[in-house]
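Novice: Based on what follows, work out the 3D shape:
(one chain, ligands or ions: 2)
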Amino acid sequence: MAVLNILSYPDPRLRTIAAPVKQVDDKIKTLITDMIETMYDAEGIGLAASQVDEHLQLIVMDLSENKDTPMVFINPKVTPLVEEKQPYEEGCLSVPEVYDKVERPNKVRIEALDENGDVIDKEAEGLLAVCIQHEMDHLNGVIFVDYLSNLKQNRARDKVKKVLKIREKNVEKQAQPSHV
Ligand code: K1U
Ligand code: ZN
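Specialist: Ligands and ions are numbered 1, 2, ... in the order given. Next up is the predicted model:
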């Protein structure tokens with residue numbers, strides 16, 4: 001198992017369109033396990049393969065309180081079931097510490113395969129509907145800040161730079177020998 005590197009906005013690799021998974025083989029199963037570990041490590045509720053620089057149609061999610069119910073969606077297709085859109089305050093592991101409202105249909109149909117290659121065909125509402133649409137966007141090279149104003153996108157760029165700098169400094173600090 002491994003924690004993978006998550007690409008950060010505005011990395012151009014996040015704009016790559018993901019290709020369908022041809023076969024749920026051992027390589028894909030290892031990627032699924034690593035993505036789930038990466039999602040838990042980053043304290044996220046979802047992760048698309050695009051975010052770890054693997055441009056395949058693969059999404060993992062866990063909306064459970066105890067973080068013990070991972071879901072896997074391979075080659076997902078998401079169809080809105082309502083016209084009306086509702087706002088939800090979204091976050092993104094590729095845009096750390098930036099949150100803003102995005103409007104999306106709050107009822108969708110999800111068709112996909114699971115980690116065993118079995119068919120998933122279900123209706124989703126609420127956070128599941130929001131999260132799967134956010135992750136589908138990643139597979140299509142779209143990031144939630146694309147829905148925001150230019151001013152907010154520029155602010156998001158600056159914020160991510162700042163957060164990454166602080167994270168780097170903390171990593172350096174931890175690597176230094178202690179003086180105790
Ligand atoms: O795709 C990602 O980067 C994961 C993202 C999923 C997501 C969260 C909220 C709305 C839509 C999609 C995250 O997990 S962000 C971190 C997080 O856990 C979170 C942030 C805001 C609200 C709820 C959860
Ligand atoms: Zn995201």
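Novice: Spell out for me which residue occupies the centre of the chain.
Specialist: The centroid of the chain falls nearest to Leu47 when counting by Cα atoms, centre = their mean (3.0 Å).
Novice: contacting residues around that residue?
Specialist: Leu47 makes contact with Ile6, Met35, Ile36, Thr38, Met39, Ile59, Val60, Met61, Leu93, Glu135 under the criterion Cβ atoms under 8 Å, 6 or more residues apart in numbering. Where you see a C-beta, it was placed from the backbone N, CA and C, and this is true even at glycine.
Novice: can you tell me the average pLDDT over the longest strand along the chain?
Specialist: Counting by DSSP state E, the longest strand found in the chain is strand 71-80. Strand 71-80 carries an average pLDDT of 98.
Novice: Sheet partners, orientation included, of it?
Specialist: strand 58-61 (antiparallel), strand 107-113 (antiparallel) (DSSP bridges).
Novice: got the contact list for the last one?
Specialist: Read it as strand 107-113. Outside strand 107-113, the residues that touch it by Cβ under 8 Å, 6+ apart are 21, 24, 59, 73-82, 119-125, 129, 132-133.
Novice: how about 7 Å then?
Specialist: For strand 107-113, the external contacting residues (Cβ atoms under 7 Å, 6 or more residues apart in numbering) are 24, 73-82, 119-125, 129, 132-133.
Novice: For the residue nearest to the centre of the chain, give its distance to ligand 1.
Specialist: In this view, Leu47 and ligand 1 are 6 Å apart by Cβ to the nearest ligand atom, to the nearest Å.
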